[in-house]
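Enquirer: Sharing a sequence plus its predicted fold:
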Amino acid sequence: MKKLLFTLSLFLFSYSVIQAQGSADYGGGIKLNVNPEGSKFIRLLTWNQIWFRGTQLNPGTTIAGEAAKTNFDISGRRLRMLAYAQISKRYMVLAHIGINNQTFINGGASGTSGTGGYGNGKKPQIFFHDAWNEYHVVLPTKENKNSSLSIGAGLHYFMGISRMTMASTLNFLTVDSPIFSWATIDNADQFARQYGFFAKGKLNKLEYRLAMNKPFSTSLAPTNVTDASKAAAVDNNGKSNWAKTAYLEYQFLDNESNLLPFKVGTYLGTKRVFNIGAGFYSQGNGTKSSVNGKLESHNVNLLSVDAFLDMPFGDKAKNTAVTAYAGYFNYNFGPNYIRNIGIMNEGVVNAAYEGSGKLMSGAGNAQPMIGTGDIFYTQVGILMPKGSEKPKMRVQPFTAFTYKNFDALPKAVTNFDLGVNWLIDGHHAKITTQYSLRPGIETATTKQKHFGEFIAQLQIYL
């Protein structure tokens, strides 16, 4: 009986993960049973996201040594494969590999440049995004199917802070993450992951995720200043103190699967979800600044509260649904900490540029992304009713807004996003078109300006 209940629990977990993608035709996906009961299995996922972009570049940008005001390109945002295996009734292992951000000029293997077989942007190295082992200490039972506890260790994605911090890249509402939610991205982490120990589970409607991680060592040299009020912290944690992180979430309506850490962006009308959550990330002496030649260490303390809604409404046969998310983030990396980031940024600063309008954030599509201060983010999307002629093809318009008030900037800045998901087969085959306005602060005038970018993404996932 216990074996039967465990197998049923695994099936329900897997079914929840599969149905979350909004395509009933997908079935069980790529799954290999290694015993007749199906309690031991290997599950494979593979996906790619190809971007076509038209970008208005920051003033003073060059690409491949040529001055440029606009740029059009096609690139690989994500090309990945994930496998997890249930090798006993309590033990699971997971591995996630792939590449990200390969363009015609950058994102290639370390040291690639110039022309030839190992030229600009070529032959990026596949690396591990996740690799962890997990043990199920408390399994769901027939009497209490919504309580569980698992512990694990490895390179993992249980990074706390917010729902967006642990977002699945397979089912975003918008074309991509707002990025700032991955607060230590590729400095103290490896593409939003760290090595450490984690615990996850449920207590009825409460879902919890806790972790103690060893952040990757950082060693950026802070700029020395003589005025303490102008000190600017940078990532420099030396031998790296352990980081503590957690995210707690109360699920008022349908319970979400927590078999994997990846939080769904939009369920496409297949669930009734309303959650509120709160999280944190804390590391002692994570950054450093310099005043009169003396280094000072600063603790990193990051907090968030957020809410997520995914709700069908109206005629059930039409499957109309609303998806909404809102989050408040309070980040403290130390005084005047700021990171300017551009996704797949192909531009560099033109040192010879003598025109006006240079930005504090630099060249290409860079913008003030992460910093000490406050961030408010919200997104809303509507899954339009099913059509009578092509009910499988769905349309989901969406919009998003970001407000960032960083100590290092003279004023707050804002982002605007507007787009549509063209769902050919749920999230498994979709095209997303999005137009975004990113902010920039002029160095000379401190005026805020906005620069446009159009993205068309083709996503395929099996």
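Expert: The structure has been received and is ready for your questions. Residues are numbered from 1 along each chain as shown.
Enquirer: Please name every helix or strand in contact with the strand or helix carrying residue 198.
Expert: Following DSSP states H and E, the helix or strand that holds residue 198 is strand 194-203. If you count contacts as 3 or more Cβ pairs under 8 Å, 6 or more residues apart in numbering; DSSP states H and E, strand 194-203 packs onto strand 147-156, strand 206-214. The C-beta positions use only the backbone N, C-alpha and C, and glycine is treated the same way.
Enquirer: can I get these in a markdown table with mean neighbour count and mean pLDDT?
Expert: Formatted as a markdown table, the helices and strands packed on strand 194-203 follow (neighbours: other Cβ atoms under 10 Å; pLDDT from 0 to 100):
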| stretch | mean neighbour count | mean pLDDT |
| --- | --- | --- |
| strand 147-156 | 19 | 96 |
| strand 206-214 | 19 | 98 |
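Enquirer: about what we covered before: neighbouring contacts of the strand holding residue 198?
Expert: 132, 138, 146-156, 158-159, 184, 188, 207-216, 242-243, 255, 258, 261 (Cβ atoms under 8 Å, 6 or more residues apart in numbering).
Enquirer: Neighbouring strands of that strand in the sheet, and parallel or not?
Expert: Strands that pair with strand 194-203, judged by DSSP bridges, come out as strand 147-156 (antiparallel), strand 206-214 (antiparallel).
Enquirer: Next, work out how far apart residue 88 and residue 260 are.
Expert: Look at residue 88 and residue 260: by Cβ to Cβ, to the nearest Å, they are 18 Å apart.
Enquirer: Check which element follows the longest strand along the chain along the chain.
Expert: Longest strand in the chain by number of residues (criterion: DSSP state E): strand 41-63. Next along the chain after strand 41-63, taking DSSP H and E as the criterion, comes strand 66-86.
Enquirer: got a pLDDT number for residue 35?
Expert: For residue 35, the model assigns a pLDDT of 86.
Enquirer: For the protein, give me the ranges with low pLDDT.
Expert: Filtered on pLDDT under 70, the chain yields the residue ranges 1-28, 390-391.
Enquirer: can you give me the helices for it?
Expert: Here the chain has its helices, by DSSP state H, at 2-19.
Enquirer: how about the helices and strands packed on strand 194-203, which one is nearest residue 420?
Expert: Checking these against residue 420 by Cβ to Cβ gives strand 206-214 as the closest, at 31.0 Å.
Enquirer: hmm, back to that, mind listing what's buried along the longest strand of the chain?
Expert: 41, 43, 45, 47-49, 51, 53, 55, 57-63 (16 or more other Cβ atoms under 10 Å).
Enquirer: do stretch 389-398 as well
Expert: For stretch 389-398, burial by neighbour count (16+ other Cβ under 10 Å) applies to 394, 396, 398.
Enquirer: And for stretch 186-197?
Expert: For stretch 186-197, the neighbour count (16+ other Cβ under 10 Å) marks 187-197 as buried.
Enquirer: Report the distance from that stretch to the chain centre.
Expert: With Cα atoms, centre = their mean, to the nearest Å as the basis, stretch 186-197 stands 13 Å off its chain's centre.
Enquirer: How about stretch 92-102?
Expert: Computed by Cα atoms, centre = their mean, the chain-centroid distance of stretch 92-102 equals 14 Å.
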